[in-house]
Every structure is written in C-alpha cells, then in structure tokens.
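Enquirer: Sequence and predicted model, in that order:
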Amino acid sequence: MDSAPCHLCPRSCGVDRSRGMGRCHVDNQIRVARAALHMWEEPCISGKEGSGAVFFSGCSLGCVFCQNRDISDGKAGLVISGERLTEIFLELQAQGANNINLVTAGHYAMQVRDSLEAARREGLHIPVVYNSSGYEKEETIKMLEGLVDIYLPDLKYLDTDLAGRYSKASDYPEYAAKAIAEMVRQQPAPEFDEEGRMLRGVIVRHLLLPGHVREAKHVVKYLYETYGDQIYISMMNQYTPMQETFEDPLLNRRVTKREYQRWLDYAADLGVTNGFYQEGGTAKESFIPAFNYEGVLLDG
C-alpha cells in the first residue's frame, strides 16, 4: 500500500496510513486476529467443513452494539506481511475450508487484492467471500472484481437517523446501497454445488435490533423489490446487548421471539423465498469467536 492519503472507505479521512492511523483505527500494516475454520455463517457458507475465516483488525464504522469490539477498534491483531496473508489463504484451503472468508477487509483492500492474486497463482481454487459491514465505497468494491466470488454484506439501516445514532455514519444507507448494487452487478446470479455450498452470488444480512421491526421491514422490502431472487437475504436475530447499549431504552435487551416472527411473517408475505433465518434462541456466545491469533503465525 502506498503512502497516498487514504480514501478507501466512505470516511475518506485522507490519512497517510504509512505514518498514522485512519478512521478505521489501523495503519497500513495488515493486522489479523484469527484465521481458522468457522462454523457460524449461513449454511451455504460454512457447510460441514467450515468457512476459512480471516478476521482483520479495524473498522470504519462505530456501531454501539458491535460484537467484535476487540478487533474493530484495532487493539487486537498481529501484524503480518502480504506474503504471510497469501500463505494463510492456502493453509485454510489445505485444512478443507469451503471458502476464504475475508471478514471486514475493506481498509486493506489493496493488500488483500495483491495477496489473493498471488494465492490464485499458487493454486487457490476455492471461492472467496467478502464479508462486509456494507459501509463501502463502490470504487473499492470494483477493485475486487474477478477475485471475489461471494459477497456477504450487511444492510444495517435505510434510516439515516438510526445510522447516525447507532453507527456514527448517517451516510451509511447511501453508501451501502451503492456498494451492494455493485456487488450484484459483479455476481448477478447465485450458484451452488451439489452439496448446497454457494459458489458465487450475494447474500445480504440484516440484524434485527430490538424495538426496530419497522426498520427491518423496510430493509427486507427494499432488498426484495430491488433485487428479487438475484440475492439471498439473511434475517438475523442474534443481537447481543453490549456495555455501550445498557443505558439505551431500546437496545438494552434482546430481540423477542414475537419481534422476530413478525419480521419473518412480513418477509414471507412479500414473497421472499431466497433467504435464511436463525432458529432457536438469540445472543448465543458461539457467534463470537475467540480472537486468540489462531492460524495467524507460522507453526513453530
């Protein structure tokens, strides 16, 4: 990554990340907190073998309910080279991963692009998943065309007030909508193998927030009316109250079964069939992996 002012994400902070940290809380050194098989994605991503998830440090959003705060604030994560990142991709493939799952990698987009290209030359052949908050620049997504097979973005909000209040980004809806449109342009039709594992396509996630069923309905309606069966919609109920939300009158509790069912019923009435929903209780600890640097360093 060169020393030019950074404008990779919508914050466009213009920081020279070779000399300091951007709004993403990291400099231009690749920082990874975990690289291991991960079982808690959508079934077509995890499959039986697991998704080869690489958790990158830093994030340009500031969600008060973030479950990955240990890494999103850039405090956790080991510095590695681009060459080591290439090795990690190939090691995960050798472990039997269904795919390479890049978790919050947008602020390293250029380094990730270079490492993916190198890994492809060295035999990487499994699908690549770009797992994103959705707060991306369209131009950054275009940089990854031909390298990413599956896009897995959030669409956290359509309401600018909620985006500003909960993620410190009132422009989130505008940027996320354009980024998702570019993702669908690149991968306009979902494809699966004979075992039901996704080979290419777009899955858009929305996390239902307690007290915000109306916003969740707006999101699923927008996605279905805009893209129909071109995409899959993942309707998530795993919201977990965090310390930063304990004083919030709405976010200080879990989602109720009734709230989640109202949302599911609404989606069914719209005609949504390409979708995923979560069974059982909410706020399970298993959704949050241990950021213990597993798989980041070379053995020995």
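Expert: The structure has been received and is ready for your questions.
Enquirer: least trustworthy helix or strand in the chain by mean pLDDT?
Expert: Lowest on mean pLDDT, DSSP states H and E among the helices and strands of the chain sits helix 69-72, with a mean of 88.
Enquirer: From the rest of the structure, what touches that helix?
Expert: Under the criterion Cβ atoms under 8 Å, 6 or more residues apart in numbering, residues 25, 33, 55-59, 61, 63, 66, 76-77, 104, 242, 291 lie in contact with helix 69-72. All C-beta spots, glycine's among them, are computed from the backbone N, C-alpha and C.
Enquirer: Identify each buried residue in the helix or strand encompassing Arg120, please.
Expert: Assigned by DSSP states H and E, Arg120 belongs to helix 109-121. Neighbour counts over helix 109-121 (16 or more other Cβ atoms under 10 Å) mark 109-116, 118-119 as buried.
Enquirer: and which of the residues you listed is nearest to Leu223?
Expert: Nearest to Leu223, judged by Cβ to Cβ, of the buried residues of helix 109-121 is Ala109 at 24.1 Å.
Enquirer: so how far is Cys59 from the closest one?
Expert: According to Cβ to Cβ, to the nearest Å, Ala109 and Cys59 sit 14 Å apart.
Enquirer: Also Ala290?
Expert: 18 Å.
Enquirer: Give me the more crowded residue out of those two.
Expert: Between Ala290 and Cys59, counting by other Cβ atoms under 10 Å, Cys59 is the more crowded of the two (25 against 10).
Enquirer: So that one, which state does it fall into?
Expert: Following DSSP: H, G, I helix; E, B strand; the rest coil, the label given to Cys59 is coil.
Enquirer: And it, how close does it get to Ala53?
Expert: In terms of Cβ to Cβ, Cys59 sits 15 Å off from Ala53.
Enquirer: In terms of secondary structure, what does the host helix or strand of Tyr224 contact?
Expert: Assigned by DSSP H and E, Tyr224 belongs to helix 213-227. Under the contact criterion of 3 or more Cβ pairs under 8 Å, 6 or more residues apart in numbering; DSSP states H and E, helix 213-227 touches strand 198-207, strand 232-236, helix 257-270.
Enquirer: Just the residues contacting the shortest one, thanks.
Expert: It stands for strand 232-236. With Cβ under 8 Å, 6+ apart as the test, strand 232-236 has contacts from 42, 44, 190, 201-208, 216, 220, 223-224, 263-264, 267, 272, 274-278.
Enquirer: do the same with the longest one
Expert: For helix 257-270, the external contacting residues (Cβ under 8 Å, 6+ apart) are 208, 210-211, 213, 216-217, 220-221, 224, 233, 235, 237, 275, 277, 282.
Enquirer: Show me the strands in the chain, by range?
Expert: Using DSSP state E, the strands of the chain run over 30-38, 51-56, 78-80, 100-103, 128-132, 150-153, 191-192, 198-207, 232-236, 275-277.
Enquirer: If you compare the directions of the helix holding Tyr224 and strand 198-207, what angle comes out?
Expert: Relative orientation of helix 213-227 versus strand 198-207 (axes from the mean of the first three to the mean of the last three Cα atoms, to 10 degrees): 150 degrees.
Enquirer: Check the model's average confidence along helix 213-227 for me.
Expert: The average pLDDT for helix 213-227 rounds to 98.
Enquirer: do stretch 124-143 as well
Expert: Computed over stretch 124-143, the mean pLDDT rounds to 98.
Enquirer: Buried residues in the helix holding Tyr224, which are they?
Expert: Those would be 213, 215-217, 219-220, 222-224, 227, for helix 213-227 by 16+ other Cβ under 10 Å.
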